[in-house]
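Novice: build the 3D model from these lines:
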Amino acid sequence: MSKVSPNYIITQPENDDILNSFGIMGNENFLHKWTVEQRNCGSTTTYHTTLSDARLLIRTEKRKCCMKHHMNVSIILQDIAGIRESRNTRHCCCFLCTCCGRCCRTPRLFEVRGIFGSHQFIIPKEDVLFLQYEISVKAANHKLISH
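Specialist: Numbering: from 1, shown residues only. As a prediction, this is how the structure comes out:
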């Protein structure tokens, strides 16, 4: 016979739409999610990025021919020390570059750096300022509360 008190109500987070092994924890609030697909010369890289009020969750999926692999990353916002946006102007992605000079243009890369090292990912261009603002505000809030 169970002696669990009926006074405790637990709400579990829903991770149905979160494409990451880490998922949203019970004390986190989901803020935004992006999916960006990049195709270059027969290979596809898909970035699934989720922002919560405490973490940045990134899943990078790479497909080329019949090979497929993915990597899941969970970055605590208070550990982020730097945010950078960059763009490679010339990225040669296939053998055609040497014979015809055709190169693939890469989209803007978003890079976060901190005690975890650095990690690059892609989000839609129109949301770059939103993400930069949210990361800096949420990271500052966590740092101010903990001190």
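Novice: from here on, contacts and neighbour counts on C-alpha atoms
Specialist: OK.
Novice: doesn't residue 113 make contact with residue 81?
Specialist: Yes: the criterion here is Cα atoms under 8 Å, and residue 81 meets it with residue 113 at 5.8 Å.
Novice: quick one: end-to-end distance for stretch 58-76.
Specialist: 11 Å (Cα to Cα, to the nearest Å).
Novice: which outside residues touch that stretch?
Specialist: Stretch 58-76 has contacts (Cα atoms under 8 Å, 6 or more residues apart in numbering) with 19-22, 42-50, 54-57, 116, 121.
Novice: list the buried residues in stretch 118-129.
Specialist: 120, 121, 122, 123, 128 (16 or more other Cα atoms under 10 Å).
Novice: helix or strand right after the least confident helix or strand in the chain by mean pLDDT?
Specialist: Here the helix or strand of the chain ranked lowest by mean pLDDT, DSSP states H and E is helix 96-100, holding a mean of 47. The first helix or strand that comes after helix 96-100 along the chain, using DSSP states H and E, is strand 109-114.
Novice: what strands line up against that next one, and which way round?
Specialist: Using DSSP bridges, the strands paired with strand 109-114 are strand 80-86 (antiparallel), strand 117-121 (antiparallel).
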